[in-house]
Every structure is written in structure tokens, then in C-alpha cells.
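**Q** based on what follows, work out the 3D shape:
(one chain, ligands or ions: 1)
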Amino acid sequence: MTRIARLRDYIQAMTRLADRAPDEATWLAEGRALLAGLLRHDDWLPDEFAAPGPSYRQYLLHCDPLERFCVVSFVWGVGQRTPIHNHRTWGLVGMLRGAERSTTMHPVPGQPMRAGQVDHLSPGEVVAVGSAEEDAHWVENALTDRPSLSIHVYGGNIGAIERHVFDPETSAPRRFVSGYHNAHLPNLWDRAAELAPAH
Ligand SMILES: [Fe+2]
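**A** Residues are numbered from 1 along each chain as shown. Predicted coordinates:
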């Protein structure tokens, strides 16, 4: 059974946090602990939001009604990767399945971008990215035999934020609004299975 209640509980906790209008450091610290708690189990994500596609997938799981934060599942098939991109808001990335590799990239105007730090993420790990940091990076599936999946949380509606992808050869930025791959959201609110009496 998909235990969607775990996702609902997580979103409720994040909404309570949002209602306190936290500063970014608090978002990252408390949001990181909440995301680590969600990742302790892998029984709550409906399959349709974990399906690989012809390129990496970005499925919106929830957007706060006031767009204070959003929760997204990213799925990388074998050999798939993102373009080099930035975020323009704080972010949390937590690994649910498989493994991924993130490479920080520094623009050098008119010249090839310079690769920086490489981070590897394994299930249960969470990394935080502040909005003030140089956050251009690309992310790839670190496994060669199966898809990988991570849960991302951002300080806004990330699919609607105007940001940039970068040409690796020239460092030139290009306007980018990512959108999402799903037209429908997980149903958090059907509690019948939880409330049904045991027979
Ligand atoms: Fe990213």
C-alpha cells in the first residue's frame, strides 16, 4: 500500500514552518530535518511520480498555495542528466532511491565553464543549497543499471521561476522556466484506507 499519509504529514509540517515566516537559514535547517524524516521510508510515493521517461523527469508533488515552497520528485533513467542550470532560490535535495552525482559549474564569460565540487548522494542523504550561493550545476544518475530518484524542495514554485541554463562551451546563460512533467498531483486527501475499520 502506498502510505501517502507520510507525504501529507511532511507537507503539513512544512506548511507550519512556512507560517512562521522563517529566514533562509531556518528553512534550510528545519526543512532539512523534516526531509530526512520523510526519506526514512520508501513506501509513500505513488508509482506514476517515480516513472522514468525519455529524458529526466520532474514531477510536482505539492506546491504551497502561497508558493512559499514546493516538493518535487526527480527521476533519472540510466545515462540521463540535467542541463547546467541555476535555481535562484534555496533548495534541499534528498535521495530516495539509487544515487546521483551533482557537479557545480562556474561560468567564465566567453569561455568554457569551469567544473567545481562534485557531490555524491546516497539514499537518506540530504544536501542544502542557499539562494546566495553560486548554484549553477548539473545532476546525473550515478548508476548505470537502474533509475535514480531524489526529492527536491525549493523556496518557491520552482517550475515557474525564471532562471537560466548555461552553454558549457561559452558560459552563456539562456532563459529557462522548467515547468513540470505531470498534469495531476498526488491525492493526499483520500483517507478512506487509513480510516476503514479492520475486518
Ligand atoms: Fe538543480
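**Q** quick one: end-to-end distance for stretch 179-195.
**A** Between the opening and closing residues of stretch 179-195 we find a distance of 35 Å, counting by CA to CA, to the nearest Å.
**Q** repeat for stretch 48-57
**A** End-to-end distance (CA to CA), stretch 48-57: 11 Å.
**Q** now find how far off-centre that stretch is within its chain.
**A** 13 Å (CA atoms, centre = their mean, to the nearest Å).
**Q** tell me which residues of it are tucked away?
**A** By 16 or more other CB atoms under 10 Å, the buried positions in stretch 48-57 come out as 49-52, 56-57. In this view, the C-beta of every residue, glycine as well, is placed from N, C-alpha and C.
**Q** before we move on, what about stretch 71-89?
**A** So stretch 71-89, judged by 16+ other CB under 10 Å, has buried residues 71-77, 80, 82, 84-89.
**Q** between the two ends of that stretch, what distance do you get?
**A** 13 Å.
**Q** how about stretch 57-75?
**A** First residue to last in stretch 57-75 (CA to CA) measures 5 Å.
**Q** which outside residues touch it?
**A** 7, 10-11, 14-15, 18, 27, 31, 45, 48-53, 56, 96, 139, 147-160, 178-182, 185-186, 188 (CB atoms under 8 Å, 6 or more residues apart in numbering).
**Q** list the ones among these that fall in strands.
**A** With strands taken from DSSP state E, the overlap with those comprises 96, 139, 148-154.
**Q** save the residues you listed as TSV, and put in neighbour count, distance to residue 109 and pLDDT too.
**A** Listed next are these as TSV, based on neighbours: other CB atoms under 10 Å; distance: CB to CB, whole Å; pLDDT from 0 to 100:
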residue	neighbour count	distance to residue 109	pLDDT
96	21	37	98
139	24	24	94
148	27	33	98
149	23	35	98
150	25	31	98
151	23	34	98
152	20	29	97
153	27	32	98
154	22	27	97
